[in-house]
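Participant: pasting the structure only:
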């Protein structure tokens, strides 16, 4: 697949107003589109007489004149502004696997690998991370695996599941003064369920190890904060399906 896309340009509300700090240029009145060119090769496979499915996708993306927003009331403006600040490239691979290992056991997995970098800087006002830096909120590797086992338990259909998720380290922003390293994390979930005559119940434990993942670090309203995941959560759910 070859595809192109863009986000439309626009006007900055504080465009043309002198910067608060004379050492900084004034914000532009307008900003232009940013453009993406995507080259992609994907596949869908079914093997082992239908017991194994493997789908994948290899892609290369060129992202030109990236629109980057910035709020810098100390040096520039009390209004958030946007600038066409940089060019970047993304080389990635993603895939998902489903394997019916036995009549009862099914294994699932998915992964993504992204090699991202800034290739050129065009910003005049925004202080960007240096050329070669990784794009924000994009771990180099992410993956998850899940095992599900189904069997008959007397008059019931029973199942258990266990799932693990991993995300590598990432960065919170592409703006140098706001850029924080977000640690990698691993999460583990488990559940046990019963079904009969359209009724089902499930006992689940999410975040079994009570991990505190750093999902997003920011300083909104000048207050440093870390957005994290939920703590260990244990629950019981009931449902009914109408046939």
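Facilitator: Done, it's in. Just so we're clear, the structure is a prediction, and the values are computed from it rather than from any experiment.
Participant: Am I right that residue 42 is in contact with residue 55?
Facilitator: Yes: counting by C-beta atoms under 8 Å, residue 55 is a contact partner of residue 42 at 7.4 Å. Quick note: C-beta positions are derived from backbone N, CA and C, even for glycine.
Participant: which of those two has more neighbours?
Facilitator: Using other C-beta atoms under 10 Å as the criterion, residue 42 and residue 55 rank with residue 55 on top: 15 against 12.
Participant: doesn't the more buried one fall inside a helix?
Facilitator: No: counting by DSSP: H, G, I helix; E, B strand; the rest coil, residue 55 falls outside a helix, being strand.
Participant: Quickly find the element holding the nearest residue to it once chain neighbours are set aside.
Facilitator: Closest residue in space to residue 55, ignoring its immediate chain neighbours: residue 44 at 4.9 Å, by C-beta to C-beta, 6 or more residues apart in numbering. Per DSSP states H and E, residue 44 falls inside strand 34-47.
Participant: Now do that strand: which elements does it pack against?
Facilitator: strand 2-7, strand 52-70 (3 or more C-beta pairs under 8 Å, 6 or more residues apart in numbering; DSSP states H and E).
Participant: Most tightly packed of these?
Facilitator: Mean neighbour counts were compared across the helices and strands packed on strand 34-47 using mean count of other C-beta atoms under 10 Å; the top stretch is strand 52-70, at a mean of 17.
Participant: what residues are up against residue 214?
Facilitator: 182-183, 185, 226-228 (C-beta atoms under 8 Å, 6 or more residues apart in numbering).
Participant: Can you tell me which of those has the most neighbours?
Facilitator: Top of the contacts of residue 214 by neighbour count (other C-beta under 10 Å): residue 182, with 21 neighbours.
Participant: so how far is residue 173 from the closest residue to that one other than its chain neighbours?
Facilitator: Spatial nearest neighbour of residue 182, chain neighbours left out: residue 214 (4.3 Å); criterion: C-beta to C-beta, 6+ apart. Using C-beta to C-beta, to the nearest Å, residue 214 is found at 13 Å from residue 173.
Participant: right, so of the helices and strands packed on strand 34-47, which gets closest to residue 131?
Facilitator: strand 52-70 (12.9 Å; C-beta to C-beta).
Participant: so what secondary structure elements neighbour the closest one?
Facilitator: Checking 3+ C-beta pairs under 8 Å, 6+ apart, strand 52-70 ends up next to strand 34-47, strand 81-100.
Participant: Tell me which residues of stretch 140-147 come out buried.
Facilitator: 140, 142-144, 146-147 (16 or more other C-beta atoms under 10 Å).
Participant: Output these in JSON lines; the columns should cover secondary structure.
Facilitator: Supplementary listing: the buried residues of stretch 140-147 in JSON lines, determined by three-state DSSP:
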{"residue": "140", "secondary structure": "coil"}
{"residue": "142", "secondary structure": "strand"}
{"residue": "143", "secondary structure": "strand"}
{"residue": "144", "secondary structure": "strand"}
{"residue": "146", "secondary structure": "strand"}
{"residue": "147", "secondary structure": "strand"}
